[in-house]
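Asker: Next one to model:
(one chain, ligands or ions: 1)
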Amino acid sequence: RMVIKIIENGKELLPSHADVSSISFEGANIVIYTNNKEFFLDSNGVIKSIVSEIKKRVELRPDSSLCMGIEKAEIEIKKLLPKEAGKTNIIFDPQRSQVIIEAEKPGIAIGKAGENLKEIKKKTFWVPLVQRIPSIKSKIIENIRNVLYLNDDYRRKFLNSVGERIYGNRKKEGKTEWIRITFLGGASQVGRSCYLLQTEESNIMVDCGVNVAASEDSAYPFLQAPELKLDQLDAVILTHAHVDHSSLIPLLFKYGYRGPVYCTPPTRDVASLLCLDFISIGQMENKKSLYETTDVKEMVKHTITLNYEEVTDITPDVRLTFYDAGHILGSAMAHLHVADGLHNLMFTGDMNYESSNLLSSAVTKFPRLETLIIESTYGSKDDTVATRRESEDYLKNVIKETIKKKGKILMPVLGVGRSQEIMLILEKAMKAGEIPNVPIYLQGMVWDVTAIHTAYPDFFNSRTRQQIFHKNDNPFLSEIFKHVGSQKEMKQVIEGGPCIILATSGMMTGGSSVEYFKQLGEDPKNSLVLTSYQGEGSLGRRLQQGEKEIMFQEGRKQIPTFVKMDIHSMHGFTGHSDRNQLMNFMHRLNPRPKKVLVVHGERSKSLDFASSVHKGLRIETQVPKNLETVRIR
Ligand code: ZN
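Answerer: Below is the predicted model of the structure:
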């Protein structure tokens, strides 16, 4: 094959003065290292013509022997970066002749048309890469970047081996003839999403999550199914960071998987945070944890991040493209182009066909699409939720009334997604004077995830992006938001004046939302606002149903909380499409798929939705069960 030929006979295809020292893969990308300084600085269109001939990304870098000494280069780079770029960190990756420049203002560090980077290349013979330092300090991002920097030698070898698998000899001779999907979890249910896509050449897993609401024997996907052989798994694709899609991926690494995990950059960071949290929740409940911190680290080491609409080969016969799913920061729909166009299918993951304050709505236009695997969390005819506008007005009213009484508003939230959406709503309303100016306290996980958001403004919708980049007004940095990081600070919040508190967990199954409730629940001045789905048996559900006496275990004693605070629940802030939006999404899809598999919903809801799609759009539909295999072609 052409690409292999390039690797083997690099010097033949490249002009002799290119003086190639080595050629290697970085995943699906091809990197050529040259010994010729002039050729590195100006390859005169040679690289461009190779790219257009072989239709793969090709990058030219200097051989490490050309790179300026690290100490000298660091001084030189600091001189070339404008002061206005803010704080910067400079990290060298000698394995790949790259220098990573972390900057508070990446746009300014890069310069007009990349002029600063060109200058750095010319002066130091290092290839600069610029990354954003999050505006709010994030420990998890620092840790993840450190894992990647410290393992650069391993990363280079790993990325090369991924490329060899993609472009090397096929396992099976001949063309791909069949495609099948086995549902290992998340079919006819919400939770433990896990799908296995197979062709005679490839084995690819999409998502691997846990069902937190279920008992232990039904919380995990069927990883022991005969279709799944971990040593033959080529790739894992992660659609988004929520635990019911991501939290068992480290377990695959514990069992010995060492292949790539594909996701967007924010998904990598948030998923790592949630996996570490998953371990510590297990420890608090005195359960033996399924995996260790080192397994999460292995996951990070093997992650390959892709931006939306960046097309990448992941095996010899499968090409992956992520599209914006509108569900949470970095959430993606995974589009797979199989066997040079034999078939195109897409997993929606969780998706929202409505633009929120923070995110754009899910994409509906694709180059080709024959089979769609779609979520149906709110798929039944009764699942029409209040509009976002109605919910926002209701929330503002509750806040006004509560503060008038000098009370506090407690909002139990999921760490990822809705909490940031609600932050934007509150910030806007306060600025416009629609609700009184009171502090908004963010507890633990909510703060950490918000910090990750400030590293990835490119993943917000264009309105919020404009506000940040053009008006220099980042709502997440507003002074109304206060971090509550210790028991002492929590006590001050409880004893202080009127305020709004965002705390996890969203269903009040544990975490600081429950601690606040114990302290605030007996005061009729206060209000509780539930915004997320409340699972059967959760404290949130019991309060929704009007229970007035809640018993809590304190040491050996049972202590009651007599509920006197106002209880409100609203559903308009969900990150999922409701029934109408799901149908609108189906009608808008371009092209219209020939077959639709409905997953990620209670079976009755999935069946209801599938039947409406079949009747309304005349598309063949199917609602698979767990452990079922569906042949796509
Ligand atoms: Zn989700």
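
Asker: for the residue in the stretch 401-550 of the chain positioned nearest to the ion, what are its contacts?
Answerer: Taking Cβ to the ion as the measure, the point where the stretch 401-550 of the chain comes nearest the ion is residue 417, at 7.2 Å. All C-beta atoms are positioned from the backbone trio N, CA, C, and that covers glycine. By Cβ atoms under 8 Å, 6 or more residues apart in numbering, residue 417 lies in contact with 242, 327-329, 575.

Asker: doesn't residue 393 fall inside a strand?
Answerer: No - counting by DSSP: H, G, I helix; E, B strand; the rest coil, residue 393 is not found in a strand; it is helix.

Asker: Neighbours of it, how many?
Answerer: Neighbour count for residue 393, taken as other Cβ atoms under 10 Å: 15.

Asker: what's the distance between residue 280 and residue 512?
Answerer: Distance check for residue 280 against residue 512: by Cβ to Cβ, to the nearest Å, it reads 14 Å.

Asker: So which of the two has more stuff around it?
Answerer: Legend: neighbour count by other Cβ under 10 Å for residue 280 and residue 512, higher for residue 512 (22 against 11).

Asker: For residue 487, see how far away that one is.
Answerer: Taking Cβ to Cβ, one finds residue 512 at 10 Å from residue 487.

Asker: do the same with residue 378
Answerer: 38 Å.

Asker: So which bits of the strand or helix carrying residue 108 are buried?
Answerer: Per DSSP states H and E: residue 108 is located in helix 106-110. Within helix 106-110, the residues that count as buried by 16 or more other Cβ atoms under 10 Å are 106, 108-110.

Asker: How about stretch 278-292?
Answerer: 278-279, 281, 290-291.

Asker: Quick check: end-to-end length of that stretch?
Answerer: End-to-end distance for stretch 278-292, by Cα to Cα, to the nearest Å: 10 Å.

Asker: I would like the residues contacting that stretch, please.
Answerer: 210, 243, 247-248, 250-251, 253-254, 293, 296, 510.

Asker: Of these, grab the buried ones for ChimeraX.
Answerer: Applying 16+ other Cβ under 10 Å to those, the buried members can be selected in ChimeraX as follows:
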select :210,243,247,248,250,251,253,254,296
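
Asker: near the ion, which residues of this structure show up?
Answerer: 242, 350 (Cβ under 5 Å from the ion).

Asker: for residue 558, what are its contacts?
Answerer: Taking Cβ under 8 Å, 6+ apart, one finds 551-552 in contact with residue 558.

Asker: per-residue confidence for it?
Answerer: Residue 558 is assigned 92 on the pLDDT scale.

Asker: Beta-bridge partners for it, please?
Answerer: Taking DSSP bridges as the rule, residue 558 bridges to residue 553.

Asker: The residue in the stretch 451-600 of the chain that the ion sits nearest to: neighbour count?
Answerer: Proximity of the stretch 451-600 of the chain to the ion (Cβ to the ion) peaks at residue 575, 6.4 Å away. When counting by other Cβ under 10 Å, one arrives at 25 neighbours for residue 575.

Asker: before we move on, which element is it in?
Answerer: Going by DSSP H and E, residue 575 is not part of any helix or strand.

Asker: Run a quick check on it versus residue 354, I expect a contact.
Answerer: No - counting by Cβ atoms under 8 Å, residue 575 does not reach residue 354; the two are 9.6 Å apart.

Asker: Surely residue 21 and residue 36 touch.
Answerer: No - taking Cβ under 8 Å as the definition, residue 21 is not a contact partner of residue 36, at 9.5 Å.

Asker: Going by residue numbers, what spans are strands in the stretch 301-450 of the chain?
Answerer: 303-305, 312-315, 318-324, 332-338, 343-347, 371-375, 409-412, 440-443 (DSSP state E, counting those that start in this stretch).

Asker: Which single residue of the stretch 51-200 of the chain ends up nearest the ion?
Answerer: residue 193 (8.7 Å).

Asker: In space, what's closest to that residue - neighbours in sequence excluded?
Answerer: residue 186 (3.3 Å; Cβ to Cβ, 6 or more residues apart in numbering).

Asker: That neighbour contacts residue 206, doesn't it?
Answerer: No - under the criterion of Cβ under 8 Å, residue 186 is not in contact with residue 206, lying 9.6 Å apart.

Asker: follow-up on the earlier one: can you tell me which of the buried residues of helix 106-110 lies closest to residue 472?
Answerer: Among the buried residues of helix 106-110, residue 108 lies closest to residue 472 (Cβ to Cβ), at 12.1 Å.

Asker: Which residue, other than its chain neighbours, is closest to the closest one?
Answerer: Per Cβ to Cβ, 6+ apart, closest to residue 108 is residue 85, 4.4 Å.

Asker: Okay, now the unreliable bits of the stretch 51-200 of the chain?
Answerer: The stretch 51-200 of the chain contains no residues with pLDDT under 70.

Asker: contacting residues around the nearest residue to residue 570 once chain neighbours are set aside?
Answerer: Distances taken as Cβ to Cβ, 6+ apart put residue 391 closest to residue 570, at 4.8 Å, once the chain neighbours are dropped. By Cβ under 8 Å, 6+ apart, the residues touching residue 391 are 570-573.

Asker: could those residues go into JSON lines alongside secondary structure, neighbour count and pLDDT?
Answerer: Below are the contacts of residue 391 laid out as JSON lines (DSSP: H, G, I helix; E, B strand; the rest coil; neighbours: other Cβ atoms under 10 Å; pLDDT from 0 to 100):
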{"residue": "570", "secondary structure": "coil", "neighbour count": "18", "pLDDT": "87"}
{"residue": "571", "secondary structure": "coil", "neighbour count": "17", "pLDDT": "78"}
{"residue": "572", "secondary structure": "coil", "neighbour count": "17", "pLDDT": "79"}
{"residue": "573", "secondary structure": "coil", "neighbour count": "22", "pLDDT": "83"}
